[in-house]
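S.K.: model this:
(2 chains)
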Amino acid sequence: MSNSRLEPLIFEISRPGRQGVRMPAPDVPTTEIPATLRRDNLDFPEVAEIDVVRHFVRLSQLNHGIDIGFYPLGSCTMKYNPKVNEAVARLPGYAAVHPLQGEGTTQGALALMYMLQTWLGEVAGFEHVSIQPAAGAHGEFAGILMIRKYHLDRGDEKRTKILVPDSAHGTNPATTSMAGLEVIELPSDEKGDVDLDALRKACEEHKDTIAGMMITVPSTLGVFEEHILEIVEAVHNVGGLMYMDGANLNAVMGVIKPAELGFDVMHYNLHKTFSTPHGGGGPGSGPVLCNEKLAPFLPGPIVAIVEEAVDEDDAPLYGWEMPEKSIGRLKAFHGNFGMHVRAYAYIATYGTDLAEVTRYAVLNANYVRVKLKDHYHAPFDRMCGHEFVLEGHWPEKAPGIHALDISKRLMDYGIHPPTNYFPLIVPEALLIEPTETESKETLDEFVEIMLKIAEEAQTNPDLLHDAPHTTPVRRVDEVKAAKELVLCCRPILPE
Amino acid sequence: MAKWKSPSGYKYSKSDEWYKVDGDLVMMGITDYAQDQLSDIVYVEFPDVGTKLDAGDSVGSIESVKAASDVYTAIGGEVARINSSLEDSPEQINEDPYEAGWLVEIKVSDLSPLDDLMDSDAYAAYCESRQ
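M.R.: Now for the predicted structure:
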């Protein structure tokens, strides 16, 4: 038995001829598969059932997840994923439905999708919703293609530029490029807001070629854009449309409606704000919402009522509709339906209390911010939204300590590191987002550990440089990992 | 001693590139401050030799373990040479940003845009001011 704290690869515990399942004798006539269609070199691991179970349970125990500990990964909204969502998603009517079933046998699933569209629209103040995009960046891509098509549809082919603040998520410029448009980067002012003069100048200079602007509210620095109304007006005045990146919606959900701020189109991240799991990087869900102007361009098909209910005991008949000038289909079938069910369950659970979620998210972030701001450099000393940014270094007091060292040391205390080195405009950035689902005790414990690390940085810096000390994998060589892209899951077995 | 080197004989931009003039050829790279901010550099992307550049154009991008960032030129011209040795050993930018870690050489017809850039002392003060 191995004493290593690392788990071997499943290929390493494979032994020729070992198997986990004993197939029953066939109870139908057998057919020989033609030799040309058969191969004998399938590299499947050969393992017994108990070894498979132990392997994956052990791997799960090496992992850190929201069900194990605090996870203040800024920008990602790692809130608790309520188990009732999972129970609902596992109901056979949702879990076993097949995407190729006709509308006749899927009215319940369609009703759920329709209600989700309606509720998401209500939260944002937009009437038109497509829940097809499968991730936040996918929703962005949809929104920017819609803006592009809107201008082209009007016969305006010169509008090829999108304004993007320098604090933006990398997905914003990436989306712009993917849509065949050009980025104009806008600087931030000393408070962390968009530099209004630079924006006005860019609007003047490129007034005939601006397709629109992408902006995150609150910004990726965790601060609410104080001039958001002026920004919206400036872009609208030159004929551009406003895209809201809804990644940080957890700071405004139920309190502000993006449509009322003047936005034309936006996306949600159901896997952030609406508590569907991030597990293993997905699947996500990035519904796109818009006003009347852009509605004909939404990706589709979209669930719609095709026949109204005749009376209150009757249900309407749901079906599919393709928006008139749709940018097209963005995803096979109907988006990540399992995530729709979970988000529906989440909204149904909170009902009109959804704004309370937001208030606690903002309260928790500000509570931690105020407790830490005299011990870590806080570049923007102002009320934050659902997250805030600190600089993870003390050039005078603890030279040589970087944000990365602080993050690695946090792992020793059983806490997932905050987001590192983003936003790019803050040196040694640590972006901290506690979310609303953490108790005061958990927040206090985090603060205490952060203060302890700030002290260790001065008294015993090597403790940070060499961290993590207590994890199964110690400090990884990031340079080597980035330069030598060798990923091999087929080790050479002993002869 | 200053924390970051900014040798004399070079011109420096606010976006942390350096320029060195040799006749009608201008060599450029990123400064000691820039490489320190980026930390370990793992990948460099170049324009093709012969690419025509306007002032403000990107002359490639540099990726570190922290971030990827574009490098911009303050002067227009044509790419005459690229430092292809960085493709295999981009760490030269970290180790020797002003010599072995140069990025591109641009053939220019008008050197005047460089007049607006900072000299060694002004750039050193600019780096300090951002501490």
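S.K.: tell me which element the residue nearest to the spatial centre of chain B falls in.
M.R.: The structure's chain B has its C-alpha centroid closest to residue B:29; by Cα atoms, centre = their mean the separation is 2.2 Å. Assigned by DSSP states H and E, residue B:29 belongs to strand B:25-30.
S.K.: that strand: partners in the sheet, and parallel or antiparallel?
M.R.: strand B:17-22 (antiparallel), strand B:104-107 (antiparallel) (DSSP bridges).
S.K.: can you pull the contacts of the residue nearest to the centre of chain B?
M.R.: B:17, B:18, B:93, B:97, B:98, B:101, B:102, B:103 (Cβ atoms under 8 Å, 6 or more residues apart in numbering or on different chains). For the C-beta atoms, the positions are set from N, CA and C on the backbone; glycine is no exception.
S.K.: what's near enough to touch residue B:84?
M.R.: residue B:46.
S.K.: nearest to chain A among the contacts of residue B:29?
M.R.: If you rank those by distance to chain A using Cβ to the nearest Cβ, residue B:93 comes first, at 12.6 Å.
S.K.: ok, back up a step: most packed of the strands paired with strand B:25-30?
M.R.: strand B:104-107 (a mean of 20; mean count of other Cβ atoms under 10 Å in any protein chain shown).
S.K.: so what touches it?
M.R.: Counting by Cβ under 8 Å, 6+ apart, B:24-28, B:46-47, B:53, B:59-60, B:73, B:75, B:77-83 sit against strand B:104-107.
S.K.: of the residues you listed, buried ones?
M.R.: B:26-28, B:46-47, B:53, B:59-60, B:73, B:75, B:77, B:79-80, B:82-83 (16 or more other Cβ atoms under 10 Å in any protein chain shown).
S.K.: out of those, which are inside strands?
M.R.: Judged by DSSP state E, those include B:26, B:27, B:28, B:53, B:59, B:60, B:77, B:79, B:80, B:82 as members of strands.
S.K.: output those residues in JSON lines; the columns should cover pLDDT.
M.R.: Listed next are those as JSON lines, based on pLDDT from 0 to 100:
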{"residue": "B:26", "pLDDT": "97"}
{"residue": "B:27", "pLDDT": "97"}
{"residue": "B:28", "pLDDT": "97"}
{"residue": "B:53", "pLDDT": "94"}
{"residue": "B:59", "pLDDT": "92"}
{"residue": "B:60", "pLDDT": "90"}
{"residue": "B:77", "pLDDT": "96"}
{"residue": "B:79", "pLDDT": "96"}
{"residue": "B:80", "pLDDT": "97"}
{"residue": "B:82", "pLDDT": "96"}
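S.K.: relative to residue A:454, which of those is nearest.
M.R.: Relative to residue A:454, the closest of those is residue B:60; by Cβ to Cβ it sits at 38.1 Å.
S.K.: contact residues of chain A facing chain B?
M.R.: By Cβ under 8 Å from any Cβ of the partner chain, the residues of chain A that approach chain B are A:395, A:402, A:420, A:421, A:422, A:424, A:427, A:478, A:479, A:482, A:483.
S.K.: surely the first one and residue B:131 touch.
M.R.: Yes: here residue A:395 lies in contact with residue B:131, judged by Cβ atoms under 8 Å, at a distance of 6.3 Å.
S.K.: more neighbours: the two, which one.
M.R.: A side-by-side neighbour count of residue A:395 and residue B:131, using other Cβ atoms under 10 Å in any protein chain shown, places residue A:395 first with 14 against 8.
S.K.: in contact with the more buried one, which residues?
M.R.: Neighbouring residues of residue A:395 by Cβ under 8 Å, 6+ apart: residue B:131.
S.K.: redo that, cut-off 10 Å
M.R.: When contacts are counted by Cβ atoms under 10 Å, 6 or more residues apart in numbering or on different chains, residue A:395 touches A:377, A:401, A:427, A:428, B:3, B:131.
S.K.: state the distance from it to residue B:4.
M.R.: Counting by Cβ to Cβ, to the nearest Å, the gap from residue A:395 to residue B:4 is 12 Å.
S.K.: hmm, back to that, and the residue nearest to the centre of chain B, bridged to which residues?
M.R.: Beta-bridge partners of residue B:29, as defined by DSSP bridges: residue B:18.
S.K.: what distance do you get for it to chain A?
M.R.: 20 Å (Cβ to the nearest Cβ, to the nearest Å).
S.K.: please apply the same query to residue B:82.
M.R.: From residue B:82 to chain A the distance is 19 Å (Cβ to the nearest Cβ).
S.K.: what sits against the closest residue in space to that residue that isn't next to it in sequence?
M.R.: Leaving aside its chain neighbours, residue B:82 sits nearest to residue B:46 (4.4 Å; criterion: Cβ to Cβ, 6 or more residues apart in numbering or on different chains). By Cβ under 10 Å, 6+ apart, the contact set of residue B:46 is B:59, B:60, B:61, B:71, B:79, B:82, B:83, B:84, B:86, B:87, B:103, B:104.
S.K.: residue A:241 pairs with what?
M.R.: With DSSP bridges as the rule, residue A:241 is bridged to residue A:212.
S.K.: how big is the angle separating the strand holding residue B:29 from strand B:77-82?
M.R.: Orientation check (axes from the mean of the first three to the mean of the last three Cα atoms, to 10 degrees): strand B:25-30 against strand B:77-82 gives 70 degrees.
S.K.: what does the pLDDT read for residue A:1?
M.R.: pLDDT recorded at residue A:1 is 39.
S.K.: quick check, pLDDT for residue 34.
M.R.: Using chain A here. For residue A:34, the model assigns a pLDDT of 93.
S.K.: um, chain B though
M.R.: For residue B:34, the predicted pLDDT is 94.
S.K.: just to revisit the earlier point, which residues do residue A:395 and residue B:131 both contact?
M.R.: In contact with both residue A:395 and residue B:131: A:427, B:3, using Cβ under 10 Å, 6+ apart.
S.K.: which residues touch residue B:67?
M.R.: Counted by Cβ under 10 Å, 6+ apart, residue B:67 has contacts A:170, A:421, A:422, A:424, B:37, B:38, B:39.
S.K.: tell me the residues of chain B that contact chain A?
M.R.: Contact residues, chain B versus chain A (Cβ under 10 Å from any Cβ of the partner chain): B:3, B:37-43, B:63-70, B:88-91, B:94, B:130-131.
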